[in-house]
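Visitor: The following comprises the amino acid sequence and a computationally predicted model.
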Amino acid sequence: MREELANDANKRYRPLLLEEVKKYADIHTGYMGTEIKANGIVCKDKDGNIKEFSGKTIICALGQRSRSEMVEELEGLAPYTAVIGDAVKVSTITQVVYLGYHAALDI
């Protein structure tokens, strides 16, 4: 439903990624899929307008959500606990590695 494809991707590699994707696919952003049909998909935009796209293959980027409830279940099971990555906030692999590195330094 975002307006840009892969807007949180690595800034150095994002242009190359988009170039490759555009070779093989038509990109439609800012929509939420509501129904898949035999010949395509029905979507609506943020204003509720309905639009139908035809195609043989549909790729849905569904996004992610943090599962912070898992943190509560695991807290207290070890002498030291660091909450990082998607348990805090859905983020990129670069950000998660950075947080993991600093959590390891605190052990």
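Guide: The structure has been received and is ready for your questions.

Visitor: Could you pull out the buried residues of the strand or helix carrying residue 97?
Guide: Residue 97 belongs to helix 93-105 when assigned by DSSP states H and E. Within helix 93-105, the residues that count as buried by 16 or more other C-beta atoms under 10 Å are 95, 96, 99. Backbone N, C-alpha and C define where each C-beta goes, glycine included.

Visitor: give me every residue that touches the last one.
Guide: Okay, so that is residue 99. Shown in contact with residue 99 (C-beta atoms under 8 Å, 6 or more residues apart in numbering): 84, 85, 88.

Visitor: rewinding a little: can you put the buried residues of helix 93-105 in CSV and add pLDDT?
Guide: CSV is the format used below for those (pLDDT from 0 to 100):
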residue, pLDDT
95, 84
96, 85
99, 89
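
Visitor: how about the helices in this structure?
Guide: Per DSSP state H, the chain carries helices over the ranges 14-24, 69-74, 93-105.

Visitor: Minimum distance to residue 58: which of those has it?
Guide: With C-beta to C-beta as the measure, helix 14-24 is the member of these nearest residue 58 (13.7 Å).

Visitor: for the closest one, what is the average pLDDT?
Guide: Here helix 14-24 scores 93 as its mean pLDDT.

Visitor: how about the CA coordinates for that helix, as CSV?
Guide: In CSV, the C-alpha atoms belonging to helix 14-24 read as follows (Å, rounded to 0.1, in the frame of the first residue of the first chain):
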residue,chain,number,x,y,z
ARG,A,14,17.6,0.1,-4.7
PRO,A,15,18.0,1.7,-8.1
LEU,A,16,19.5,-1.5,-9.5
LEU,A,17,16.7,-3.6,-7.9
LEU,A,18,14.0,-1.3,-9.4
GLU,A,19,15.6,-1.5,-12.8
GLU,A,20,15.5,-5.3,-12.8
VAL,A,21,11.9,-5.5,-11.5
LYS,A,22,10.8,-3.1,-14.2
LYS,A,23,12.2,-5.4,-16.9
TYR,A,24,9.8,-8.2,-15.9
